[in-house]
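**Student:** curious how this folds, go ahead:
(chains A and B)
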Amino acid sequence: MIAGIFNLYIERSEFFIKLLLEHLTLTVIAVAIITVLGLSIGIYMTRNEIFAKIMLIVTNFLYTIPSIALFGFLVIITGIGNKSAVTALVLYGLLPIIRNTYVGIREVDTQIMESARGMGSTNRQLLFKVQLPLALPVIVAGFRTMVVMTIALCGIASFIGAGGLGVAIWRGITTNFPEMTIAGSLLVALLAIITDAILELVEKKMKRRIMGVQ
Amino acid sequence: MKKILIASMLAIVLVLAFVLVGCAPKEKKVVVASKPFAESYILAEMLTYLIEINTDITVEQKLGIGGGTSNIQPAMLTGEIDIYPEYTGTGWLFVLKEELISDPTALYEAVKAGYLEEYDIVWSGLYGFNDTFGIAVKETLATELGVVTYTDLAAASADLNLGAEPDFYERDDGYPGLEATFGFDFGTKTQLDIGLKYEAIKTDEVDVIIVFSTDGRLKEANLVVLKDDKNFFPSYFAATLTRAETLNEYPELEDVFAMLDGKISDEEMTYMNYLVEVENQEAKQVAIDFLTEKGLNK
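**Tutor:** Take a look at the predicted model:
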């Protein structure tokens, strides 16, 4: 079985490399969209309580929809293929970023905020010089969760004809070829673990720079 | 300033996403799709290969679409998919939702006319094989219960566990029809992906499975296919479906599809499925080998 998997990697290396690249591309696009959207929404939420309540309910709701159901549903709207995959990944990934941005900023010490204001900070200065830097550890933690989740979730996007390593997994399931399924899954897991390790390093460096602590 | 920065970043990301995800420049291209099982992969590979060696059209493959016909048909209508292999019975009962026609030729003519009128989709030729449904049980269990026909099975069904793919429980020629015709009443009904059924019956998680008559794994699995004593299951001859618009744009495709007319027998299809499902050969290779054998690879 194990030998079979490694043989597959060697024999069909081109196939797996292509899938790996597709997987990375899809994930990077989704993560970029999620980050920009999530941060903007999260920041706006700290300034508008009603909007915050609504967004938390909406993203929570989205998060609870089973992915297969969401994919099936999206086929009707955005069709089959990568467009639907990215849409689904974005919808799922928003929750961790939005919530962590919102909570992170909200939990910044009010005394710090008051002294910043006392020193004449404008809203914008307060956001970029005080709130965001102090909330960054929480936001980055959410970012890591989101990235790993997106990599994993992308593995089932081939159910609706999207590319990525899910193609190998789904092909294995549908043609009675367990080695193929495992070979695809292993690469997804590996990709997630490596990415998370890299992000951890980045996170540590960032903390050191902003907080001045180890 | 910062707002402008954020806005422009957002714009760049969105533009990048669209460029990367789709919107390729216009070229001579068709999209070939398949359903998520070995036979459909093999047929789609054959179509792809024949198009590529006989025309200058590039083929984009979208193989193994989850949900099969229910997700492919809408994509055919929106033009995201141009070509895929389909079965007469499925088109007639599942898509057009018409009353069963038992004569295979009449069924083909009817489904062909229906698709053209309703969806502007053209059925081209028939490959020759009939991949209909069957009901299979383990040899040992069949002997123990003395089950030979569907009627026998119906009588014993209360204590048995049936395993079938999700859409079988929904289609009129599937479980609801069996229930009405034979009085099936299984104790447990398990929903399984097509690729997992043989594994499930091997490990005794289910007692009865719905099979396709060209399944590559039927032979090695020690299963008995029961007798359809009321001729319940319709015929499922496979053919190529193409959007009429695509055929108008590339009329040369008609000659390509005609090459497969009547070329694949039940036995040949079963054997090719066996090569993919049991021997784990690549569907593409199996397809090309078959075309070479038939003298179509030139």
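
**Student:** just for the chain, where's the confidence low?
**Tutor:** Since no chain was named, I'll use chain A. Flagging of chain A using pLDDT under 70 yields the residue ranges A:211-214.

**Student:** actually, chain B is the one I wanted.
**Tutor:** Using pLDDT under 70, chain B drops low at B:1-26.

**Student:** show me which residues of the stretch 101-250 of chain B sit near chain A.
**Tutor:** B:193-196, B:198-199, B:217 (CB under 8 Å from any CB of the partner chain). Where you see a C-beta, it was placed from the backbone N, CA and C, and this is true even at glycine.

**Student:** where neighbours are concerned, which of those has the most?
**Tutor:** The residue in these with the most neighbours, by other CB atoms under 10 Å in any protein chain shown, is residue B:194 (26 neighbours).

**Student:** surely it is in contact with residue B:166?
**Tutor:** No. Residue B:194 lies out of contact with residue B:166 (CB atoms under 8 Å); the separation is 9.4 Å.

**Student:** how about the residues of the stretch 101-250 of chain B next to chain A in JSON lines, adding secondary structure?
**Tutor:** JSON lines is the format used below for those (DSSP: H, G, I helix; E, B strand; the rest coil):
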{"residue": "B:193", "secondary structure": "coil"}
{"residue": "B:194", "secondary structure": "helix"}
{"residue": "B:195", "secondary structure": "helix"}
{"residue": "B:196", "secondary structure": "helix"}
{"residue": "B:198", "secondary structure": "helix"}
{"residue": "B:199", "secondary structure": "helix"}
{"residue": "B:217", "secondary structure": "coil"}
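
**Student:** buried residues, the helix or strand containing residue A:104. List them.
**Tutor:** In the assignment (DSSP states H and E), residue A:104 maps to helix A:82-106. Within helix A:82-106, the residues that count as buried by 16 or more other CB atoms under 10 Å in any protein chain shown are A:82-105.

**Student:** the helix or strand following it vs helix A:82-106, what angle?
**Tutor:** Per DSSP H and E, helix A:82-106 leads on to helix A:110-118 as the next helix or strand towards the C-terminus. With axes from the mean of the first three to the mean of the last three CA atoms, to 10 degrees applied, the angle from helix A:110-118 to helix A:82-106 works out at 90 degrees.

**Student:** quick one: stretch B:47-65 near chain A?
**Tutor:** Yes. Counting by CB under 8 Å from any CB, contacts between stretch B:47-65 and chain A involve B:62-65.

**Student:** end to end on that stretch, go ahead and measure it.
**Tutor:** 16 Å (CA to CA, to the nearest Å).

**Student:** chain center to it: distance?
**Tutor:** 17 Å (CA atoms, centre = their mean, to the nearest Å).

**Student:** SS state for the residue in chain A that chain B sits nearest to?
**Tutor:** Here the residue of chain A nearest chain B is residue A:159; by CB to the nearest CB that distance is 3.6 Å. Secondary structure, three-state DSSP: residue A:159 is helix.

**Student:** same check, this time on residue B:31
**Tutor:** Relying on three-state DSSP, one would call residue B:31 strand.

**Student:** beta partners for it?
**Tutor:** Taking DSSP bridges as the rule, residue B:31 bridges to residue B:60.

**Student:** burial count for it?
**Tutor:** Residue B:31: 21 neighbours (other CB under 10 Å).

**Student:** that one contacts residue B:78, correct?
**Tutor:** No. Under the criterion of CB under 8 Å, residue B:31 is not in contact with residue B:78, lying 11.1 Å apart.

**Student:** report how many residues lie close to the residue of chain A closest to chain B.
**Tutor:** With other CB under 10 Å as criterion, residue A:159 counts 25.

**Student:** all strands of the stretch 101-250 of chain B, in order?
**Tutor:** Ranges of strands in the stretch 101-250 of chain B, per DSSP state E, counting those that start in this stretch, are B:121-124, B:133-138, B:161-164, B:188-191, B:208-212, B:223-225, B:238-243.

**Student:** identify the residues contacting residue 74.
**Tutor:** Looking at chain A here, since you left the chain open. A:84, A:87-88, A:160 (CB atoms under 8 Å, 6 or more residues apart in numbering or on different chains).

**Student:** meant chain B, my bad for not saying
**Tutor:** Contacts of residue B:74 (CB under 8 Å, 6+ apart): A:75-76, A:79.

**Student:** let's see 10 Å
**Tutor:** By CB atoms under 10 Å, 6 or more residues apart in numbering or on different chains, residue B:74 lies in contact with A:75-76, A:79-80, B:80-81.

**Student:** cool, residue B:123 as well?
**Tutor:** B:86, B:88, B:91, B:108-109, B:111-116, B:239-242, B:257.

**Student:** how about it: what's its closest non-neighbour residue?
**Tutor:** Nearest residue to residue B:123, sequence neighbours excluded (CB to CB, 6 or more residues apart in numbering or on different chains): residue B:112, at 4.3 Å.

**Student:** the one you found: neighbouring residues, count only.
**Tutor:** What residue B:112 shows, counting by other CB under 10 Å, is a neighbour count of 20.

**Student:** residue A:198 now?
**Tutor:** Residue A:198: 12 neighbours (other CB under 10 Å).

**Student:** what secondary structure does it sit in?
**Tutor:** Assignment for residue A:198 (three-state DSSP): helix.

**Student:** now it: how far from residue A:96?
**Tutor:** 18 Å (CB to CB, to the nearest Å).

**Student:** these two touch, right, residue B:213 and residue B:130?
**Tutor:** Yes. Because the distance of 6.9 Å satisfies CB atoms under 10 Å, residue B:213 is recorded as touching residue B:130.

**Student:** overlap in contacts of the two?
**Tutor:** B:236, B:266, B:269.

**Student:** which strands or helices does the helix or strand where the last one lies pack on?
**Tutor:** In this structure, residue B:269 sits in helix B:266-277 according to DSSP H and E. Helix B:266-277 sits against helix B:38-54, strand B:208-212, helix B:283-293, with contacts defined as 3 or more CB pairs under 10 Å, 6 or more residues apart in numbering or on different chains; DSSP states H and E.

**Student:** buried set for the last one?
**Tutor:** Think helix B:283-293. Neighbour count says helix B:283-293 has B:283-284, B:286-288, B:290-291 buried, by 16+ other CB under 10 Å.

**Student:** what sits against the residue of chain A closest to chain B?
**Tutor:** A:67-68, A:71-72, A:75, A:80, A:84-85, A:166, A:169-170, A:173, B:36, B:64-67, B:71.
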